[in-house]
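In: Need coordinates for the below:
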Amino acid sequence: MKALTKFALLLALFSLVAFSCQSNPEDASAESTATEEADASTEEAAVEEAAAETTTVLNANLATEEDLAGIGLSADMVASILDNRPFLTMNDFDALVGAEMNKEELYAKIFVPFNLNTTAEADFKMIPGVGDRMAHEFEEYRPYTSIKQFRKEIGKYVDEAEVARYENYVFVPVELNSATEEDIKALPGVGDRMAHEFEEYRPYVNMEQFRKEIGKYVDDKELARLERFVYLKE
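Out: Residues are numbered from 1 along each chain as shown. I've put the predicted structure just below:
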């Protein structure tokens, strides 16, 4: 009887050890999976954080007096910007700034977006961080039909956060009678209400009609700014 009891105890001990040996690989596998998931989550969070940290660049034509003062511009420069708006091209704004200021630093904070389809390749280099190669790529894929095309093509060379940063500096003009609401709202300073008004008066027969209808909602300066974003097929 004692021998039988002893055998039973040994059998139970053996079973416990065997179960423990079986469980360990599973525990290790589960622990490894949890670690991988945590690493993936951390990486994803880092990407989201980088995108969130992409600074929005002020549009020189839309920034308020408080916005302009907030980026360190002198009172005289703020007044000069407000008095000379709208700037129909970045070149106009660049001329106002003059050669004395650190333009690389300033243009990281404020800019007048470039027309992707008409801007000279050399002028794209006014965008902070855009050198010869990237300026060439901006020009290479013309004509752009939408900002989505820009994202796709330039996204071959830089990550999403950098593409998002570039979008502060450029726009794709839209065809008034066929552009989607999404493409219209991608234009600088055009929100839901104005996008609705752009669509409301379709079909446009000429640009004079656009000026007449949209001029009901904005002043002459803003109308001049908006007009550079649109065109009609001939």
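
In: Only C-alpha atoms from now on, for both contacts and neighbour counts.
Out: Fine.

In: who touches whichever strand or helix holds residue 182?
Out: Secondary structure from DSSP states H and E places residue 182 in helix 181-185. For helix 181-185, contacts defined as Cα atoms under 8 Å, 6 or more residues apart in numbering pick out 146, 147, 174, 190, 191, 192, 195, 196, 199.

In: mind running it again at 7 Å?
Out: 146, 147, 174, 191, 192, 195 (Cα atoms under 7 Å, 6 or more residues apart in numbering).

In: So the third one sits against residue 226, correct?
Out: No: between residue 174 and residue 226 no contact is recorded; they are 10.9 Å apart, counting by Cα atoms under 7 Å.

In: Between those two, tell me which one has more neighbours.
Out: Taking other Cα atoms under 10 Å, residue 174 and residue 226 do not tie; residue 174 has more neighbours (22 against 19).

In: Got phi/psi on the more buried one?
Out: Main-chain dihedrals, residue 174, degrees, to the nearest 10: phi -120, psi 150.

In: Across the sheet, point out what pairs with it.
Out: Following DSSP bridges, residue 174 is listed with bridge partners residue 230.

In: So it versus residue 59, what's the distance?
Out: 19 Å (Cα to Cα, to the nearest Å).

In: check which helix or strand covers residue 161.
Out: helix 160-166.

In: that older thread, and the helix or strand that the helix holding residue 182 is followed by, what does it pack onto?
Out: Next helix or strand after helix 181-185 toward the C-terminus (DSSP H and E): helix 192-200. Contact here means 3 or more Cα pairs under 7 Å, 6 or more residues apart in numbering; DSSP states H and E; on that basis helix 192-200 packs against helix 181-185.

In: Relative to the whole chain's centre, how far out is the helix it packs on?
Out: The chain centroid and the centroid of helix 181-185 are separated by 15 Å under Cα atoms, centre = their mean, to the nearest Å.

In: List every C-alpha atom in it, with coordinates, as PDB.
Out: These are the backbone C-alpha positions of helix 181-185, laid out as PDB (Å, rounded to 0.1, in the frame of the first residue of the first chain):
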ATOM      1  CA  GLU A 181     -16.200  69.800 -52.700                       C
ATOM      2  CA  GLU A 182     -13.200  68.100 -51.100                       C
ATOM      3  CA  ASP A 183     -10.800  69.700 -53.600                       C
ATOM      4  CA  ILE A 184     -12.500  73.100 -53.200                       C
ATOM      5  CA  LYS A 185     -12.100  72.900 -49.400                       C
END
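
In: quick one: buried residues of that helix?
Out: Residues of helix 181-185 classed as buried by neighbour count (16 or more other Cα atoms under 10 Å): 183, 184, 185.

In: One more: stretch 226-234?
Out: Buried residues in stretch 226-234, defined by neighbour count with 16+ other Cα under 10 Å: 226, 229, 230.

In: Show me the chain divided up by domain.
Out: The chain breaks down into these domains under automatic domain parsing: 1-53, 56-112, 174-231.

In: Lowest average pLDDT across those?
Out: Mean pLDDT across the domains of the chain is lowest at domain 1-53; the value there is a mean of 48.

In: how about residue 208, secondary structure?
Out: Look at residue 208: counting by DSSP: H, G, I helix; E, B strand; the rest coil, its state is helix.
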